[in-house]
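quick one: sequence and predicted model below, then my questions.
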Amino acid sequence: MSQKRSPFGRRVSGLFHSPGNNGKGSEHQQPGPSSDGSNDLHFRHEDYCEDRHHDKTVPCHQPHHEPPIPDPEKHLPCKEEQKPITVTVNVAPPNVNISSCCPPSTSGTGTGTTTTPIGRPVHTTGSSDGSVGAGLGGGGIIKIPGRPGNVWPGPRSKLYLPLLFIRANVGDIGARPLKFFWESPDILILPGVAPQNAPAAPPKELLTNMAGVAKGGADNTIYAHVWNMGLAPAYNALVEFYWFNPTLGFNGSDAHLIGKTYVDLAARGSNDPKTPSHRPVKCPFTWVAQYENGGHECLVVRISQPITDPLAAPAWDASQNRHIGQRNIHVMTAAESAAKPTIGISVGPLFGQPAQVAVARADTATMPWLHLVTMSRTAVPATGTPTGDVGITQPTTVGGALPTLGAVPNPRTAGLIDNSQGVTGDDKQVAFVATDGNPGAGKAHVYRVSGTQGGGTFGGYTVIVIGS
């Protein structure tokens, strides 16, 4: 039995396979040596299979799972070769999230704390004993024996581990939680083009003239820009693409898998053009978008490496989990907005606690995503002058009929809308309407619907009207 050692802790043995090709169009690249020049840490996605029903990975020899993508060095069916090896990992107690270790030591757009809204699942991190210091020396990683499983030798940014994430905004470096997290600039759409006809990287033209907005009832290709800010490379990181009906809070029961693929990412600062530390990844399966309740679907992308940087919990909360990117943006032309459509938005699970849903106009300068409309690093559309009203209805049961708010001359006076609404219980929805006119050429109206609970924001949905 061959053994592989890594700097993470005690050894755990398992049976690994080199399965055959499943033809799923992986973004796989040949892994190279570790950044320290050794070949000790070459984890491949062939070692594990995904169990999408239980949100976990299992050894690939277990039955009833999709066959993973082949080992490029073997190309042998799973039944023809079984290779026992030993992998070293730092095993934490069941309630400790080893995906984050400790909050990043550098400041970012988030606070990097573990404070979460009351009643919602908590993203738990370990603590640091500071033995790593300013680098990897001093035996900080080697001296694992005797250290509790929830205590690490330093913040994750200083450990020889990958730090995978998808940005929530242009200045994001992975710190969580965040207040605004549903306008990711890293999730892009090439409308009307199937993946087999789409380039490997998003073309520049999709970022102009409101492109990047899904085409309903047609093939669309989704890209995700994924990042590794850790000191170690990430081999065969899993990238998953999902769509949801318009909603504020997410859970797995409402997720619709579009497709998945794998990617290698070098450690931060790598200059290797073949395996960079961040890169766009194309979903290998098409997305035929539909419009539900007058709104565009929401997109969620997750990146994880099951051994060195697993997804952890909460598995669908982009406000707390850096592995998750979210795009909850509904873009309308001035002509579409003129119809004053009623947009239904599900509130999502509330975990037994009351919540508040509110809507407010936003200055375009607060939404960096709009740089994709102007295709300029320095300019976004100007904020349009309000000429009407904006509001949301009282909550009703999901699936129930929504009022035709656009047909009401003044829905606020009629008692149909307000700036905020209290919500209790799951399976609730609110309806959004804005009666502002055309913001004008070079301008836009931006409206943000947000859900808060226990003082924290758990979800949001942004509506943009591009002027003409």
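Arrived safely. On a predicted model such as this, the values are computed, not experimentally measured, just so you know.

where in the chain is pLDDT low?
Low-confidence segments of the chain, defined by pLDDT under 70, span residues 1-118, 133-145, 149, 205-211, 292-295, 375.

rerun at 80
Regions of the chain meeting the criterion pLDDT under 80 cover residues 1-119, 124-153, 204-212, 291-296, 371-378.

what about Pro403, distance to Lys428?
Using CB to CB, to the nearest Å, one obtains 15 Å as the distance from Pro403 to Lys428. From N, CA and C alone the C-beta is placed, and that goes for glycine too.

looking at the two, which one has more neighbours?
Neighbours of Pro403 and Lys428, each counted by other CB atoms under 10 Å, are more numerous for Lys428; the result is 22 against 16.

tell me, how many residues neighbour the closest residue to that one other than its chain neighbours?
The shortest distance from Lys428 to any residue that is not its chain neighbour, by CB to CB, 6 or more residues apart in numbering, is 4.2 Å, and that residue is Pro395. Pro395 sits with 20 neighbouring residues when counted by other CB under 10 Å.

cool, and the one 4 residues further on?
Gly399 sits with 10 neighbouring residues when counted by other CB under 10 Å.

give me every residue that touches it.
With contacts defined as CB atoms under 8 Å, 6 or more residues apart in numbering, Gly399 is in contact with Gln429.

sec struct for it, please.
Here Gly399 is coil, with the state taken from DSSP: H, G, I helix; E, B strand; the rest coil.

now do the helices in this protein.
Assigned by DSSP state H, the helices in the chain fall at 334-338, 371-374.

pull the CA atoms of the first one into PDB?
Only the C-alpha atoms of helix 334-338 are listed here, as PDB (Å, rounded to 0.1, in the frame of the first residue of the first chain):
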ATOM      1  CA  ALA A 334     -37.700  50.600 -20.400                       C
ATOM      2  CA  ALA A 335     -40.300  49.100 -22.700                       C
ATOM      3  CA  GLU A 336     -40.800  46.100 -20.500                       C
ATOM      4  CA  SER A 337     -41.000  48.300 -17.400                       C
ATOM      5  CA  ALA A 338     -43.700  50.400 -19.000                       C
END
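
contacts for it next, please.
Residues contacting helix 334-338 (CB under 8 Å, 6+ apart): 434, 436-439, 445, 465-468.

ok so, going back, comparing the helices of the chain, which comes out most buried?
Mean neighbour count (mean count of other CB atoms under 10 Å) peaks for helix 371-374 among those, with a mean of 19.

and that helix, what does it pack onto?
Contact here means 3 or more CB pairs under 8 Å, 6 or more residues apart in numbering; DSSP states H and E; on that basis helix 371-374 packs against no helix or strand.

give the burial count for Thr154, as a bare number.
Just so we're on the same page, residue 154 is Gly rather than Thr. Look at Gly154: counted by other CB under 10 Å, it has 22 neighbours.

that one: what's its closest spatial neighbour, skipping adjacent residues?
Val132 (3.1 Å).

can you check Leu265 too?
Leaving out its chain neighbours, Leu265 is closest to Asn228 (CB to CB, 6+ apart), at 3.9 Å.

go on, Gly388?
Counting by CB to CB, 6+ apart, Gly388 lies nearest to Thr435, which is 3.3 Å off, once chain neighbours are set aside.

ok, the one you found to Pro386 distance?
With CB to CB as the criterion, Thr435 and Pro386 are 10 Å apart.

ok, those two, which is more surrounded?
Regarding Thr435 and Pro386, a neighbour count based on other CB under 10 Å identifies Thr435 as having more, with 21 against 14.

re earlier: quick one, what contacts the residue nearest to Gly388?
Residues in contact with Thr435 (CB under 8 Å, 6+ apart) are 340, 388-390, 406, 411.

ranking these by neighbours, who comes first?
Highest neighbour count within these: Pro411, with 23 neighbours (other CB under 10 Å).

setting aside sequence neighbours, what's the nearest residue to Ala434?
The shortest distance from Ala434 to any residue other than its chain neighbours is 4.3 Å, reached at Val390 (CB to CB, 6+ apart).

who are the neighbours in contact with the one you found?
The contact partners of Val390, by CB under 8 Å, 6+ apart, come to 359-361, 432-436, 447.

the residues you listed: which two are farthest apart?
Greatest spacing in the contacts of Val390, by CB to CB: Ala360 and Thr435 (15.2 Å).

relative to Leu311, which of the helices of the chain is closest?
Across these, Leu311 has its closest neighbour in helix 371-374 (27.3 Å, CB to CB).

for the closest residue to Leu311 other than its chain neighbours, the count of nearby residues, please.
Distance criterion CB to CB, 6+ apart; nearest residue to Leu311, sequence neighbours excluded, is Ser304 at 4.0 Å. Other residues near Ser304 come to 23 when the count uses other CB under 10 Å.

mind listing the residues bridging to Ser304?
Beta-bridge partners of Ser304, counted by DSSP bridges, are Leu238.

so it touches His323, yeah?
Yes. In this structure Ser304 lies within contact range of His323 using CB atoms under 8 Å: 5.3 Å.

pull out the buried residues from stretch 313-328.
Under the neighbour-count criterion of 16 or more other CB atoms under 10 Å, stretch 313-328 has 313-328 buried.

again, but for stretch 361-379
So for stretch 361-379, counting by 16+ other CB under 10 Å, buried means 362, 364, 367-374.

follow-up on the earlier one: in CSV: the contacts of Thr435, plus distance to Ala232.
Formatted as CSV, the entries for the contacts of Thr435 read as follows, by distance: CB to CB, whole Å:
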residue, distance to Ala232
Lys340, 52
Gly388, 53
Asp389, 53
Val390, 47
Gly406, 53
Pro411, 55
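
now the two most distant members of the residues you listed.
Across the contacts of Thr435, the two members that end up farthest from each other (CB to CB) are Val390 and Gly406, 12.4 Å apart.

the contacts of helix 334-338, buried ones only, as a PyMOL selection?
A single PyMOL command is used to select the members of those judged buried by 16+ other CB under 10 Å:
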select buried, resi 434+436+437+438+439+445+465+466+467
